[in-house]
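Asker: below are the sequence and a predicted model; questions follow.
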Amino acid sequence: MAGKRDKPEDIVLKLRQVEVLQGQGKSVQEAVRQIGVTVQTYYRWRKEYGGMNRDQLKRLKVLETENQRLRRAVSDLTLDKMILTEAARGTAGPRERNF
């Protein structure tokens, strides 16, 4: 059974809630239970999003999108180069003969 996916903005807010609850004297387990996630999820989120604010999170999303676009462009160009190299060598594949 798959749970719901939290948006990164919601994750940052929940991490802040845990910090506030810990400041009020609650343990990590109690604070995490109160926001409705497991301790393992909390530590995973803290590792990925810990210390970020909303502006940094938006910038991260923009950079990830741009990185994905650039990777796709590089792979397309690499494929084009491989096709042209094979065509130049004459190994483009078997040719049909018309008799």
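Answerer: Nice, I can see it. Computed from a predicted model, the values in this text were never measured in an experiment.

Asker: which one's the longest helix in the protein?
Answerer: Using DSSP state H to define each element, the chain has its longest helix at helix 54-89.

Asker: let me see the contact set for the residue positioned nearest the centre of the chain.
Answerer: Nearest residue to the geometric centre of the chain (C-alpha atoms, centre = their mean): residue 64, 7.0 Å. Listed by C-beta atoms under 8 Å, 6 or more residues apart in numbering, residue 64 has no contact partners. In short, each C-beta sits where N, CA and C put it, glycine included.

Asker: helix, strand, or coil at residue 25?
Answerer: Counting by DSSP: H, G, I helix; E, B strand; the rest coil, the backbone at residue 25 sits in coil.

Asker: I'd like to know how many residues surround it.
Answerer: Applying other C-beta atoms under 10 Å, we find 8 residues neighbouring residue 25.

Asker: shaky segments in this protein?
Answerer: Residue ranges of the chain with pLDDT under 70: 1-3, 91-99.

Asker: could you chop it up by domain?
Answerer: 1-52, 53-87 (automatic domain parsing).

Asker: grab the nearest non-local neighbour of residue 17.
Answerer: residue 35 (5.4 Å; C-beta to C-beta, 6 or more residues apart in numbering).

Asker: neighbours around that neighbour, how many?
Answerer: Neighbour tally, residue 35, other C-beta under 10 Å: 16.

Asker: same question for residue 49.
Answerer: Residues near residue 49, counting by other C-beta under 10 Å: 17.

Asker: I'd assumed residue 10 was in contact with it.
Answerer: No: look at residue 49 against residue 10 with C-beta atoms under 8 Å: they stay out of range, at 10.3 Å.

Asker: residue 77 versus residue 68, what's the distance?
Answerer: 15 Å (C-beta to C-beta, to the nearest Å).

Asker: same question, residue 38
Answerer: 43 Å.

Asker: tell me which of the domains of the chain is the most buried.
Answerer: domain 1-52 (a mean of 13; mean count of other C-beta atoms under 10 Å).

Asker: centre of the chain to that domain, how far?
Answerer: On the basis of C-alpha atoms, centre = their mean, to the nearest Å, domain 1-52 sits 18 Å off its chain's mean C-alpha point.
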